[in-house]
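Novice: starting from these lines, generate the structure:
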Amino acid sequence: MKKFLAETLGTFVLVFMGTGAMILNQIYPEQVTHLGVSLAFGLSVSCMIFCIGKISGAHINPAVSLAFALEEKSGFKSPLLFMTAQVLGAILASAFLRFLFPNSNTLGETLPKAGIFNSFLIEFLISFLLMFLIFSVAKGAKEKGLSAAWAIGAYVFLAAFVTGPLTGASMNPARSIGPALISGNLSTLWIYILATSLGTVSSIPLYKFLYKDIQ
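Specialist: Residues are numbered from 1 along each chain as shown. Predicted structure coming up:
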């Protein structure tokens, strides 16, 4: 139950802060800016890793939980629990933002502005790189664990800053599911579920090959 609540809270904070910044940027573009939105996502991830990392590992991302389950061959009971918690947290955050900003049409939804094919490739790539980084800094020596929060948060910031205008830089099915469900726009949601999940899972062979003699 503690892990379920931790993942729900962590994903709630990520979606509330990140997509909330996107909504505010539409209202106050000169104050928030695209840089501010990117920082909101990156810092939210770092803070949540520090906050709940010791409780649940702070996956706050169904695609990450899926990749960990496959890499560790631990079965899917725990990952399914995590995924449920993550999606619930994202939906609650988007519902709360709908209450606060009833006139927002998209609620910070991820949209494939680069086109369907290019957006799929971009989401696959940035999710692949995210998971490879997570494997690299979150497994092994304790020294890595101490810097994992900042490293992962920094990557999320960079990915959001560079690719956010193109795809929304989801890298996270829950982050996309919450705003899509509450706003009622589900037409392109499949991109952000499939591409992100394939991206994280595809990083497993590279991680195992490069770190085989190191871990």
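
Novice: so what's the most centrally placed residue in the chain closest to, chain neighbours aside?
Specialist: Geometric centre of the chain, nearest residue: residue 172, 3.6 Å, by C-alpha atoms, centre = their mean. Excluding its sequence neighbours, the residue lying closest to residue 172 (C-beta to C-beta, 6 or more residues apart in numbering) is residue 61, at 4.3 Å. Yep, even glycine has a C-beta here, placed from its N, CA and C like the rest.

Novice: dump the residue contacts of the closest residue to residue 41 other than its chain neighbours.
Specialist: In space, and not counting its chain neighbours, residue 41 is closest to residue 18: 4.1 Å by C-beta to C-beta, 6+ apart. Residue 18 sits next to 37, 40-41, 44, 108, 160, 175 when contact means C-beta atoms under 8 Å, 6 or more residues apart in numbering.

Novice: how close does residue 18 sit to residue 121?
Specialist: The gap separating residue 18 from residue 121 is 22 Å, by C-beta to C-beta, to the nearest Å.

Novice: could you do residue 192 as well?
Specialist: Residue 192 sits 13 Å away from residue 121, going by C-beta to C-beta.

Novice: neighbour count winner among these two?
Specialist: residue 192 (29 against 15; other C-beta atoms under 10 Å).

Novice: my guess is the more buried one contacts residue 123. True?
Specialist: Yes - between residue 192 and residue 123 there is a contact under C-beta atoms under 8 Å: 6.3 Å.

Novice: now list whatever residues contact both of those two.
Specialist: By C-beta under 8 Å, 6+ apart, the residues touching both residue 192 and residue 123 are residue 170.

Novice: any stretches of the protein with poor pLDDT?
Specialist: 74-77, 139-146, 213-215 (pLDDT under 70).

Novice: could you dump stretch 191-203 to PDB, C-alpha only?
Specialist: Taking C-alpha atoms only, stretch 191-203 is exported to PDB below (Å, rounded to 0.1, in the frame of the first residue of the first chain):
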ATOM      1  CA  ILE A 191       1.400   7.200 -29.800                       C
ATOM      2  CA  TYR A 192       2.300   8.100 -26.300                       C
ATOM      3  CA  ILE A 193       1.500   4.700 -24.900                       C
ATOM      4  CA  LEU A 194       3.100   2.600 -27.600                       C
ATOM      5  CA  ALA A 195       6.200   4.600 -28.500                       C
ATOM      6  CA  THR A 196       7.200   5.300 -24.900                       C
ATOM      7  CA  SER A 197       6.800   1.700 -23.800                       C
ATOM      8  CA  LEU A 198       8.700   0.300 -26.800                       C
ATOM      9  CA  GLY A 199      11.400   2.900 -26.300                       C
ATOM     10  CA  THR A 200      12.000   2.000 -22.600                       C
ATOM     11  CA  VAL A 201      11.900  -1.800 -23.200                       C
ATOM     12  CA  SER A 202      14.200  -1.500 -26.200                       C
ATOM     13  CA  SER A 203      17.000   0.000 -24.000                       C
END
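
Novice: just the buried residues of that stretch, please?
Specialist: 191-193, 195-203 (16 or more other C-beta atoms under 10 Å).

Novice: then stretch 80-93?
Specialist: 81-83, 85-93.

Novice: just send those back as JSON lines, with distance to residue 54 and secondary structure too.
Specialist: As requested, the buried residues of stretch 80-93 are arranged in JSON lines below (distance: C-beta to C-beta, whole Å; DSSP: H, G, I helix; E, B strand; the rest coil):
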{"residue": "81", "distance to residue 54": "18", "secondary structure": "helix"}
{"residue": "82", "distance to residue 54": "15", "secondary structure": "helix"}
{"residue": "83", "distance to residue 54": "20", "secondary structure": "helix"}
{"residue": "85", "distance to residue 54": "16", "secondary structure": "helix"}
{"residue": "86", "distance to residue 54": "18", "secondary structure": "helix"}
{"residue": "87", "distance to residue 54": "23", "secondary structure": "helix"}
{"residue": "88", "distance to residue 54": "21", "secondary structure": "helix"}
{"residue": "89", "distance to residue 54": "18", "secondary structure": "helix"}
{"residue": "90", "distance to residue 54": "22", "secondary structure": "helix"}
{"residue": "91", "distance to residue 54": "25", "secondary structure": "helix"}
{"residue": "92", "distance to residue 54": "23", "secondary structure": "helix"}
{"residue": "93", "distance to residue 54": "23", "secondary structure": "helix"}
